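**Student:** Sequence and predicted model, in that order:
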Amino acid sequence: MQILSGMDRARNALERGERLPGGTLPLPIAESWQRCRELGLDPHRRPRGEVVPFATVTRRRQKMEGLRRLALAEMQVLYAQIAGSNLMIALADAGGMVLDTISDQAFTESTAGRAIIPGSLWDEARRGTNALGLASDASQPVGVFGREHYFTCHAHLSCMAAPILDAHGQVLGLLDASCANEARQQHTHALVRMAAAQIENGLIFQECADNFILAFHPRAEYLDTLSAGLLALSRDGVVTALNRPGSALLSGLPAGADARFDTLFEMPFARALDGLLRGGVFPIRDAAGSQVLMVCRQIAPGLAVRNLHQEPQARPHDKGGSAPRFVCADAAVKAAMADIGQAVAMGMPIHLTGETGTGKELMARHIHEVSGRRGEFVAVNCGALAEQLFVAEIFGHEQGAFTNARTEGSIGLARQADGGTLFLDEIADIPLSAQTALLRFLDAREVRPVGGLKIHKVDVQIVSATNRNLEAMVAERAFRADLLYRLNGLVLHLPPLSARSDFALVVKHLLQELAPGVAITDAAIASLAQREWPGNIRELRSLLQRLLLRRQGAFIDETCLVEGAGDSGDTCPACRDRGLASRICREIRATYRVHRSVTHTARALGLSRTTVYKHLCGEPLN
Ligand SMILES: Nc1ncnc2c1ncn2[C@@H]1O[C@H](COP(=O)(O)OP(=O)(O)OP(=O)(O)O)[C@@H](O)[C@H]1O
């Protein structure tokens with residue numbers, strides 16, 4: 001006889017419309033299923049995937065601007081902490097409307113990833129039992145795992161959501177981490193809760209910038225943790241904010257709005273301040289007689305006291321520095337890189353091809369590192385060397401060997417790279433006359449400086465690169481065939497950025513390099529992915545730099561890109577330079593890049609599908 005698990009029995013009962021067997025589900029889940037049933041939701045159907053108009057999302061984002069700024073930074077940290085594939089971090093408003101997401105590419109492209117987008121609504125009545133909906137209703141952290149989701153189509157997901165609360169327990173927003181059920185990690189729940197608490201504390205610092213902020217806890221070692229109470233006070237000792245741990249530590253005392261420090265603690269505010277501003281940990285009894293230890297975290301501006309301003313709470317987990325030096329998750333790049341180790345071990349020349357800005361020089365440096373060679377990495381831009389000087393620059397020259405020769409002579413770049421790597425960039429530009437000399441060098445690995453007699457043995461790893469088609473140049477007799485065959489021991493092609501499957505990772509990596517901690521939303525990445533990138537990764541890097549210069553908040557979302565795309569390329573040809581009309585056109589195109597669906601775009605903006613189509617001219621349609 002087959003033994004059914006508690007979950008099997010519960011799902012069978014749900015599907016047959018029978019009473020749910022007791023003890024088979026956590027109580028909040030069982031109650032939620034019951035409510036969904038009463039609402040007439042059919043667990044086998046797809047839920048109503050409603051998405052509100054983009055303008056509504058924008059308005060809500062504006063209303064929650066302070067919280068959103070803190071949350072996006074925290075989401076970025078959380079994303080890095082949980083790491084692993086198939087993960088999405090989402091921020092929603094108190095009612096479960098998603099405002100922003102940060103995820104990896106695998107999740108973004110999954111069915112769930114396409115459903116959790118800005119403007120999607122995750123309240124229980126629409127989406128059945130789910131973490132965002134439950135956390136919003138219960139005002140407490142919730143995990144909904146696999147088949148605990150009411151709708152069977154969400155059974156492969158695990159979601160953990162935590163509300164972001166004010167001191168009175170009112171939900172200000174929701175933080176959610178969703179991942180494939182099998183990728184679920186034990187500690188995710190705790191990390192989401194900690195991130196929510198970090199945001200709550202951040203809000204106190206943000207909103208009470210003019211106040212004193214004190215941290216307190218019965219034990220000194222907890223003062224720097226998220227368990228510490230945070231109390232914001234005006235200059236005359238009126239409480240302006242208190243975090244949740246603070247509320248719990250002072251439970252039973254009148255700590256509500258407009259409470260005074262003097263009624264919460266057994267000491268007048270002025271005297272406590274005197275002690276606190278001398279620095280260090282200050283013991284004090286609360287009005288119920290329990291001793292707590294207190295430190296001053298922020299001094300109200302204008303008070304001339306130095307050396308006391310300590311850092312706000314340290315992050316419980318700071319990100320490790322294990323980020324790769326460059327991104328190579330694309331399957332084609334990975335496959336191309338697989339043979340590098342063997343090629344360098346055999347001393348084989350490696351030839352890199354790819355458009356400008358695809359990372360050839362970066363790859364050359366990587367090859368040098370893989371080779372383990374202790375000598376220098378010497379890069380030669382073959383296109384920048386004058387024809388007459390080429391041979392002398394590469395192979396060196398004796399004193400006064402030719403007019404304009406350096407008086408002291410030169411050992412040349414090939415010998416400079418001895419024991420290391422000689423990177424011949426823009427190899428297609430090497431003058432024909434120098435090709436013969438290079439060919440000889442590659443065969444013999446010897447150099448004789450111009451004007452000299454002595455021959456020097458040189459041991460270098462050769463790496464060459466070009467963005468031109470050398471085979472075609474050989475056919476046109478502009479490049480020596482025998483030289484090409486000496487160079488291309490291993491050929492490694494770097495794909496253009498638009499063809500890379502790891503586009504999102506490249507964006508995140510560059511951003512991390514340029515401005516650590518600045519978050520970028522999935523919608524912004526989706527919008528970037530739709531663009532053309534003739535300058536490839538270099539062009540993307542400089543666009544991100546420009547965005548960072550212009551950005552107001554601590555993040556980049558899709559609206560930064562719409563505003564930033566003041567160029568005519570972001571409207572359809574008919575709307576170029578048409579003032580308001582072109583703004584609407586841009587909004588349509590930007591919204592389409594987020595939703596990738598004409599129907600959703602039309603619905604989100606409250607326009608007809610025909611209007612949307614009209615403005616999508618030139619945009620790659622799904
Ligand atoms: N895989 C990658 N991950 C992250 N950054 C990258 C990657 N590849 C290239 N970059 C960055 O892109 C920029 C251009 O790279 P690089 O100079 O290596 O390109 P290139 O192909 O040699 O260009 P060109 O042909 O114009 O000389 C650099 O800032 C580099 O750090």
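**Tutor:** Received the coordinates, thanks.

**Student:** how about the closest residue to the ligand within the stretch 351-500 of the chain, what does it touch?
**Tutor:** Going by Cβ to the nearest ligand atom, the ligand is nearest to residue 359 of the stretch 351-500 of the chain, at 2.5 Å. All C-beta spots, glycine's among them, are computed from the backbone N, C-alpha and C. By Cβ atoms under 8 Å, 6 or more residues apart in numbering, the contact set of residue 359 is 326, 494, 536, 537.

**Student:** Residue 430: which of those is nearest?
**Tutor:** residue 494 (20.4 Å; Cβ to Cβ).

**Student:** measure stretch 115-131 end to end?
**Tutor:** Its first and final residues considered, stretch 115-131 spans 14 Å by Cα to Cα, to the nearest Å.

**Student:** quick one, phi/psi of residue 213?
**Tutor:** For residue 213, the backbone dihedrals (degrees, to the nearest 10) come out as phi -130, psi 120.

**Student:** nearest residue to it other than its sequence neighbours?
**Tutor:** residue 298 (3.9 Å; Cβ to Cβ, 6 or more residues apart in numbering).

**Student:** before we move on, the earlier item: between which two of the contacts of residue 359 is the distance greatest?
**Tutor:** Longest distance between any two of these is 13.1 Å, between 326 and 536; criterion Cβ to Cβ.

**Student:** returning to what we had before: could you check how far the residue nearest to residue 213 is from residue 206?
**Tutor:** Applying Cβ to Cβ, to the nearest Å, the value for residue 298 to residue 206 is 11 Å.

**Student:** Between these two, which is the more surrounded one?
**Tutor:** Comparing residue 298 with residue 206 by other Cβ atoms under 10 Å, the one with more neighbours is residue 298, at 21 against 13.

**Student:** Could you report the pLDDT at that one?
**Tutor:** At residue 298, the model reports a pLDDT of 85.

**Student:** for the closest residue to residue 47 other than its chain neighbours, what are its contacts?
**Tutor:** Among residues not flanking residue 47 along the chain, residue 127 sits closest, at 4.7 Å (Cβ to Cβ, 6+ apart). Taking Cβ under 8 Å, 6+ apart as the criterion, residue 127 is in contact with 47, 48, 121, 133, 151, 154.

**Student:** By pLDDT, rank the residues you listed and give me the bottom one.
**Tutor:** Lowest pLDDT among the contacts of residue 127: residue 48, 79.

**Student:** neighbouring contacts of the helix or strand harbouring residue 98?
**Tutor:** Under the criterion of DSSP states H and E, residue 98 resides in strand 98-103. Strand 98-103 is contacted from outside by 57, 60-61, 64, 68, 71-72, 75-76, 79, 87-93, 108, 113, 116-122, 132, 173, 519-523, 555, 557, using Cβ under 8 Å, 6+ apart.

**Student:** ok, now stretch 431-445?
**Tutor:** If you take Cβ under 8 Å, 6+ apart as the criterion, stretch 431-445 is touched by 349, 387, 390-391, 394-395, 414, 424, 430, 447, 457-460, 462, 478-480, 482-483, 486-487.

**Student:** Buried only: go through these for me.
**Tutor:** Buried members of the contacts of stretch 431-445, counted by 16 or more other Cβ atoms under 10 Å: 349, 390-391, 394-395, 414, 424, 430, 447, 458, 460, 462, 479-480, 483, 486-487.

**Student:** Of these, which belong to strands?
**Tutor:** 424, 447, 462 (DSSP state E).

**Student:** picking up where we left off before, just the contacts of residue 127: which are in helices?
**Tutor:** Using DSSP state H, the members of the contacts of residue 127 that fall in helices are residue 133.

**Student:** Just the helices from the stretch 51-200 of the chain, written as ranges.
**Tutor:** With DSSP state H, counting those that start in this stretch as the criterion, the stretch 51-200 of the chain has helices at 54-63, 65-82, 105-108, 111-115, 124-127, 131-138, 188-207.

**Student:** Also the stretch 401-550 of the chain?
**Tutor:** 412-416, 432-444, 470-475, 481-487, 503-514, 522-529, 536-550.

**Student:** which stretch among the helices of the stretch 51-200 of the chain comes nearest the ligand?
**Tutor:** Ranking the helices of the stretch 51-200 of the chain by proximity to the ligand (Cβ to the nearest ligand atom) places helix 105-108 first, at 14.6 Å.

**Student:** so who does the residue nearest to residue 446 when sequence neighbours are not counted touch?
**Tutor:** With sequence-adjacent residues excluded and distances taken as Cβ to Cβ, 6+ apart, residue 446 is closest to residue 455, at 5.1 Å. If you count contacts by Cβ under 8 Å, 6+ apart, residue 455 has them with 446, 447, 448.
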